[in-house]
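Colleague: everything below, folded, please.
(one chain, ligands or ions: 2)
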Amino acid sequence: MSIHIEAKNGEIAPTVLLPGDPMRAKWIAETYFENPTLYNDVRGMFGYTGTYKGKLVSVQGTGMGAPSIGIYAHELIKKYDVQKLIRVGSAGSYQKEVNIRDIVIAMAASSNSSFNNLPFQGENFAPTAHAELFLAAINAANERNIPVKAGNILTSDIFYQEDADYYKKWAKYGVLCVEMETAALYTLAARFNVKALSLLTISDSLVTHETTTSEERAETFKEMIEIALAII
Ligand SMILES: O=P(O)(O)O[C@H]1O[C@H](CO)[C@@H](O)[C@H]1O
Ligand SMILES: O=c1cc[nH]c(=O)[nH]1
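Modeller: Ligands and ions are numbered 1, 2, ... in the order given. Below is the predicted model:
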């Protein structure tokens with residue numbers, strides 16, 4: 001057991017999918033896993049282990065924001081020896097060419113988060129995807145004819161920015177979309193020498209103001225999950 005996860009040693013697979021929403025974790029386990037077993041419901045942050053096409057895999061909700069995924073990723077890596085962490089999240093588009101329901105693979109994560117600023121004390125660490133997982137995801141998408149976009153994203157500590165035009169300074173530098181966890185995940189993976197990748201589905205657009213429903217955010221995003229499961 002760790003502070004936030006009540007699984008016994010050996011109950012979590014070496015590869016874990018990480019949605020922010022615990023209901024998405026439940027949906028992934030019940031939809032895709034053979035014989036899913038619930039190993040965690042501390043704080044309602046569901047975690048399940050099962051198999052997919054015979055391969056052992058877990059899914060763990062992380063909550064929202066860098067501090068929250070920081071806790072789950074840290075405990076998964078340090079207490080449960082997890083080696084491969086694949087975030088399956090939602091994100092807001094920063095570009096008019098990035099449409100809702102598009103899939104974005106985060107090559108790198110720019111950030112305004114103190115999660116990265118505090119340890120590096122004003123110097124900049126560049127959080128990046130693990131190259132092997134990144135290439136595997138691109139290949140898996142191509143083999144399935146699933147269109148994906150790849151590039152820099154923003155991990156933000158603030159969902160509701162005071163300035164509605166805040167996104168434009170990042171958009172100008174080609175940042176594709178915004179979410180709230182990837183920079184922390186990539187930084188922790190680098191610190192502990194494990195592999196991490198973030199796959200994101202666009203749930204709304206800061207440019208066009210289109211949105212998806214909460215049901216859709218919890219229970220769809222099938223193509224992103226297919227890519228994630230192909231690279232476990
Ligand atoms: O859908 P998830 O994985 O939670 O990801 C995004 O959605 C949440 C905000 O609504 C933040 O956690 C953000 O990163
Ligand atoms: O706009 C959005 C959508 C999803 N996640 C975010 O952090 N922002």
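
Colleague: show me what from this structure comes close to ligand 2.
Modeller: Applying C-beta under 6 Å from any ligand atom, we find that the chain lies next to ligand 2 at Ser90, Ala91, Gly92, Phe159, Val178, Glu179, Met180, Ser203, Asp204. Quick note: C-beta positions are derived from backbone N, CA and C, even for glycine.

Colleague: one more time with 5 Å, if that's ok
Modeller: Residues of the chain found near ligand 2 (C-beta under 5 Å from any ligand atom) are Ser90, Ala91, Gly92, Val178, Glu179, Met180.

Colleague: which among these gets closest to ligand 2?
Modeller: For the residues of the chain next to ligand 2, the closest approach to ligand 2 (C-beta to the nearest ligand atom) belongs to Gly92, at 2.2 Å.

Colleague: give me the number of residues near that closest one?
Modeller: 22 (other C-beta atoms under 10 Å).

Colleague: cool, and the one 10 residues further on?
Modeller: As a burial measure, Asp102 scores 21 neighbours (other C-beta under 10 Å).

Colleague: leaving out the residues flanking it, which one is nearest to it?
Modeller: Residue nearest to Asp102 in three dimensions, not counting chain neighbours: Ile202, with 4.7 Å by C-beta to C-beta, 6 or more residues apart in numbering.

Colleague: in the helix or strand where that neighbour lies, which residues are buried?
Modeller: Per DSSP states H and E, Ile202 falls inside strand 195-205. Of the residues in strand 195-205, those buried by neighbour count under the rule 16 or more other C-beta atoms under 10 Å are Lys195, Ala196, Leu197, Ser198, Leu199, Leu200, Thr201, Ile202, Ser203, Asp204, Ser205.

Colleague: what does stretch 137-155 give?
Modeller: Neighbour-count burial for stretch 137-155, counted by 16+ other C-beta under 10 Å, picks out Ala137, Ile138, Ala140, Ala141, Val148, Lys149, Ala150, Asn152, Ile153, Leu154, Thr155.

Colleague: pLDDT of it, averaged?
Modeller: The average of the pLDDT scores along stretch 137-155 is 97.

Colleague: what about it, start to end distance?
Modeller: In terms of C-alpha to C-alpha, to the nearest Å, the two terminal residues of stretch 137-155 are separated by 20 Å.

Colleague: what distance separates that stretch from the centre of its chain?
Modeller: Taking C-alpha atoms, centre = their mean, to the nearest Å, one finds the center of stretch 137-155 at 13 Å from the center of the full chain.

Colleague: can you check stretch 20-33 too?
Modeller: Here stretch 20-33 is found 13 Å from its chain centre; the criterion is C-alpha atoms, centre = their mean.

Colleague: for it, list the C-alpha coordinates in CSV.
Modeller: These are the backbone C-alpha positions of stretch 20-33, laid out as CSV (Å, rounded to 0.1, in the frame of the first residue of the first chain):
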residue,chain,number,x,y,z
GLY,A,20,-7.4,12.3,-15.3
ASP,A,21,-11.0,11.3,-14.8
PRO,A,22,-11.5,8.2,-12.6
MET,A,23,-14.8,7.4,-14.4
ARG,A,24,-12.7,7.2,-17.6
ALA,A,25,-10.5,4.7,-15.8
LYS,A,26,-13.6,2.6,-14.9
TRP,A,27,-14.9,2.8,-18.4
ILE,A,28,-11.5,1.8,-20.0
ALA,A,29,-11.2,-1.2,-17.6
GLU,A,30,-14.8,-2.4,-18.2
THR,A,31,-14.7,-1.8,-21.9
TYR,A,32,-11.3,-3.1,-22.9
PHE,A,33,-9.8,-5.3,-20.1
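
Colleague: thank you kindly, that will do.
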